[in-house]
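*Asks:* got a structure for you, letters missing:
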């Protein structure tokens, strides 16, 4: 990071990288040494320090072990991720990481948990055209970091069930190549043991046209997240979440089964790939 860059406000990942570098040097550790201590390559450490790569959760935890900083670096990384989302969305992110099961209904755009970087980038470019290229990059990286929970071992990864309205397959975000890549990624995710996809076809009249997400927990109330024009906020009232779960059950009942869903996605993917 150049002296000129330091004269400008640093984004959260630049701050993280700078802190890693300063703590590494204070402990007289080389890039190779920190890489060995965290289980990552020298190139990876260098890219994190220079904010060219968003640090993984395991890297941040490895830094805490190497530096003896408790959970400081892991918390700083999570704060950086949350800092690249609207303040009203941060509670949902925090609850998403604790959820045992996630039930999502996507109507026009795929849920952020299943988006590819190219798809997310195109969405940001389309919805917030004044964002700088650098800001888009950090926002995309923050969104991609959410996917880490799907591979988590401890605590166990949540079960993710997504009902996808067929419109999501047809709204061409970023062009045919981006859509083809996105649909192939969906098919790959469908092979995960903790991910279930169902497609709601155009011919079905949905019980609701509004997207929403339900989060369930062990020993805690179910939470509903639904966005509106001014953002969204968690809803925990039992009557509200119970009604939302009933709506979700009706959506699942109207949606295609696994095999038909995969077949339909394959067909649309082939159309984009032509």
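*Replies:* Nice, I can see it. From a predicted model like this one, the values you see are computed outputs, not experimental measurements. Numbers count the residues shown, from 1 in each chain.
*Asks:* where do the helices sit along the stretch 151-274 of the chain?
*Replies:* Secondary structure of the stretch 151-274 of the chain (DSSP state H, counting those that start in this stretch): helices located at 167-170, 176-190, 238-254, 258-273.
*Asks:* What mean pLDDT does the longest one get?
*Replies:* By that I understand helix 238-254. For helix 238-254, mean pLDDT is 96.
*Asks:* Buried ones in it, by neighbour count?
*Replies:* By neighbour count on 16 or more other Cβ atoms under 10 Å, the buried set for helix 238-254 is 241, 244, 247, 248, 251, 252, 254. Yep, even glycine has a C-beta here, placed from its N, CA and C like the rest.
*Asks:* CSV for those, including distance to residue 78?
*Replies:* Formatted as CSV, the buried residues of helix 238-254 follow (distance: Cβ to Cβ, whole Å):
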residue, distance to residue 78
241, 26
244, 27
247, 31
248, 28
251, 32
252, 32
254, 37
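*Asks:* Endpoints of stretch 81-89, how far apart?
*Replies:* From its first residue to its last, stretch 81-89 covers 11 Å (Cα to Cα, to the nearest Å).
*Asks:* got a list of what the residue nearest to residue 39 when sequence neighbours are not counted touches?
*Replies:* Leaving aside its chain neighbours, residue 39 sits nearest to residue 62 (6.1 Å; criterion: Cβ to Cβ, 6 or more residues apart in numbering). By Cβ atoms under 8 Å, 6 or more residues apart in numbering, the contact set of residue 62 is 37, 38, 39, 40.
*Asks:* which among those end up buried?
*Replies:* Neighbour-count burial (16+ other Cβ under 10 Å) applied to these gives 37, 38, 40.
*Asks:* Give the burial count for residue 57, as a bare number.
*Replies:* 17 (other Cβ atoms under 10 Å).
*Asks:* before we move on, what about residue 270?
*Replies:* Residue 270, neighbours per other Cβ under 10 Å, totals 11.
*Asks:* tell me the pLDDT at it?
*Replies:* As predicted, residue 270 sits at a pLDDT of 96.
*Asks:* Could you do residue 161 as well?
*Replies:* In this prediction residue 161 is given a pLDDT of 98.
*Asks:* what's the domain layout of this protein?
*Replies:* Each domain of the chain is listed here as a residue range: 3-82, 86-273, per automatic domain parsing.
*Asks:* if I look at the residue nearest to residue 39, how far off is residue 133?
*Replies:* Using Cβ to Cβ, to the nearest Å, residue 62 is found at 30 Å from residue 133.
*Asks:* Was I right to think residue 215 contacts residue 104?
*Replies:* No: contact criterion Cβ atoms under 8 Å: residue 215 and residue 104 do not qualify, at 9.5 Å.
*Asks:* neighbour count winner among those two?
*Replies:* More crowded of residue 215 and residue 104, by other Cβ under 10 Å: residue 215, with 25 against 21.
*Asks:* how about the nearest residue to residue 214 once chain neighbours are set aside, what does it touch?
*Replies:* By the measure of Cβ to Cβ, 6+ apart, the closest residue to residue 214 outside its immediate chain neighbours is residue 103, 4.3 Å from it. Applying Cβ under 8 Å, 6+ apart to residue 103 gives the contacts 161, 162, 213, 214, 215, 216, 245, 248.
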